[in-house]
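Participant: what shape does this take:
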Amino acid sequence: MELKVKYVALAGLLCSLALSGCAITVSELKSSQSSFDGSFISNAGASDAYRTIRHMARQCLEYEAYSGNPVIVLSEFDVERKKGEINQKFLSQGLLINNTLIEIESRNGDNAQVSLYTTKNLLSAGIRSPKVSDIKRWAGGDKTC
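Facilitator: Predicted coordinates for the structure are as follows:
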């Protein structure tokens with residue numbers, strides 16, 4: 001029995017190390033060509049677009065994955081720079097793994113540019129990620145996931 005516990009602990013440690021080696025930071029997500037899904041110009045200002053999209057992201061992108069691990073949405077908006085980020089993260093083995101980044105920044109004061117980046121690797125398998133068309137609908141006021 002004691003040997004079985006050691007193997008389970010070792011397997012958990014190896015899994016944790018493997019996941020941490022594959023974890024993607026926000027800057028890696030933004031700099032990777034394969035992660036960029038597209039962007040669009042919203043008719044709303046940056047702060048309004050941020051609030052609308054954040055509300056829908058929390059409704060549609062936060063849930064419990066098939067593995068039983070939570071998928072959460074974290075967000076922040078810088079009022080001075082008129083720029084915001086909405087991050088969908090997957091909690092696994094004590095690590096927060098970036099899955100989706102929605103970046104919102106002011107364009108000419110009256111509009112906002114909204115960009116979508118998503119992880120496309122083994123870690124994101126089975127995680128619900130939005131499409132640019134979903135975010136565009138949400139920014140336009142659509143309340144469906």
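Participant: secondary structure class for residue 60?
Facilitator: Of the three states, residue 60 takes helix according to DSSP: H, G, I helix; E, B strand; the rest coil.
Participant: for it, which non-adjacent residue is spatially closest?
Facilitator: Nearest non-adjacent residue to residue 60, counting by Cβ to Cβ, 6 or more residues apart in numbering: residue 145, 3.7 Å away. Any C-beta I mention is one placed from the backbone N, CA and C, and that applies to glycine too.
Participant: count of neighbours near the one you found?
Facilitator: By the criterion of other Cβ atoms under 10 Å, residue 145 has 13 neighbours.
Participant: touching, it and residue 57? I think so.
Facilitator: No: if you go by Cβ atoms under 8 Å, residue 145 and residue 57 don't touch, sitting 9.9 Å apart.
Participant: any low-confidence regions in this structure?
Facilitator: Applying pLDDT under 70 to the chain picks out residues 1-23, 122-125.
Participant: all helices for it, in order.
Facilitator: Using DSSP state H, the helices found in the chain span residues 2-22, 26-31, 46-61, 132-139.
Participant: returning to that earlier point: so the residue nearest to residue 60 versus residue 84, what's the distance?
Facilitator: Residue 145 is 20 Å from residue 84, where distance means Cβ to Cβ, to the nearest Å.
Participant: count of residues packed around residue 137?
Facilitator: Close neighbours of residue 137, defined as other Cβ under 10 Å, add up to 16.
Participant: could you find the closest non-adjacent residue to it?
Facilitator: Once flanking residues are discounted, residue 137 sits nearest to residue 144: 7.5 Å by Cβ to Cβ, 6+ apart.
Participant: returning to that earlier point: which residues does the residue nearest to residue 60 contact?
Facilitator: Counting by Cβ atoms under 8 Å, 6 or more residues apart in numbering, residue 145 touches 56, 59, 60, 134.
Participant: could you do residue 70 as well?
Facilitator: For residue 70, the contacting residues are 62, 63, 64, 90, 91, by Cβ under 8 Å, 6+ apart.
Participant: how about those residues in a markdown table, adding distance to residue 32 and neighbour count?
Facilitator: Listed next are the contacts of residue 70 as a markdown table, based on distance: Cβ to Cβ, whole Å; neighbours: other Cβ atoms under 10 Å:
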| residue | distance to residue 32 | neighbour count |
| --- | --- | --- |
| 62 | 24 | 15 |
| 63 | 25 | 13 |
| 64 | 27 | 9 |
| 90 | 17 | 23 |
| 91 | 22 | 13 |
